[in-house]
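Enquirer: after the sequence you'll find the predicted model.
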Amino acid sequence: MSERIDLIGSFGNEHQLEHCIETLHRENFKALRVYAPIPIDKVVAKLYDRPSWVRLCVLIAGISGVITAFVMTIGTSLEWNLITGGKPVVSIPPYLVIVFELMVLFSAVTAFWSFVLISGMPEFESPSGYKSRFSGDEFGLVIRCDENDASKLENLLREAGAQEIEREAA
């Protein structure tokens, strides 16, 4: 059985990086990690097939905040009813402020924690393949592969415009 290694390719611009990712996807290599000094929406769309789970978590939290607020306000009104001037005990319009506030509170807290948990933060060690120049003016692509596939991948990286290719043990 061959050993796993990381191939680290350095690119001068984002277009070369995008082209390389397209080429690697055509060859069915999916274990990629990208380091870039700027956010690139096209690269993110190519790396991830589906949207993040954070959206669904926030939606569920917002709905549960609305339900919690209605249950809390209507329940307390029915438990300790205060009849004033013949007005109904349960009146929805004044409760909408509380409903909105709890919806926003539940959604915001869940957005933060789901982002932290889903993204795997915090990372206390720098991830494999990271070079400080990838935060400056270069773009980096790390491919985890078997040593048997390394020479083929190095050729693909060179053809896509990689300036420098390094090997590291995974």
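Expert: Looks like it arrived, so ask away.

Enquirer: domain assignment for this structure?
Expert: Per automatic domain parsing, the domain ranges recorded for the chain read 4-51+130-169, 54-118.

Enquirer: buried deepest among those, which one?
Expert: domain 4-51+130-169 (a mean of 16; mean count of other Cβ atoms under 10 Å). For every residue, glycine as well, the C-beta is placed using N, CA and C.

Enquirer: related to what we said a few turns ago, could the domains of the chain be laid out in JSON lines, adding mean pLDDT?
Expert: Output for the domains of the chain, formatted as JSON lines (pLDDT from 0 to 100):
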{"stretch": "domain 4-51+130-169", "mean pLDDT": "84"}
{"stretch": "domain 54-118", "mean pLDDT": "94"}
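
Enquirer: what's the nearest residue to residue 38 once chain neighbours are set aside in contact with, if anything?
Expert: Spatial nearest neighbour of residue 38, excluding adjacent residues (Cβ to Cβ, 6 or more residues apart in numbering): residue 14 at 7.6 Å. Contact partners of residue 14, counting by Cβ atoms under 8 Å, 6 or more residues apart in numbering, are 36, 38, 40, 42, 43, 139.

Enquirer: any idea how far residue 74 is from the residue lying farthest from the centre of the chain?
Expert: Going by Cα atoms, centre = their mean, the residue of the chain most distant from its centre is residue 85, 53.2 Å out. Distance, residue 85 to residue 74, by Cβ to Cβ, to the nearest Å: 20 Å.

Enquirer: which element, helix or strand, includes residue 168?
Expert: Following DSSP states H and E, the helix or strand that holds residue 168 is strand 164-169.

Enquirer: sheet-wise, list the partners of that strand with their directions.
Expert: As defined by DSSP bridges, the strand partners of strand 164-169 come to strand 4-11 (antiparallel).

Enquirer: I'm done for today, thanks for sticking with me.
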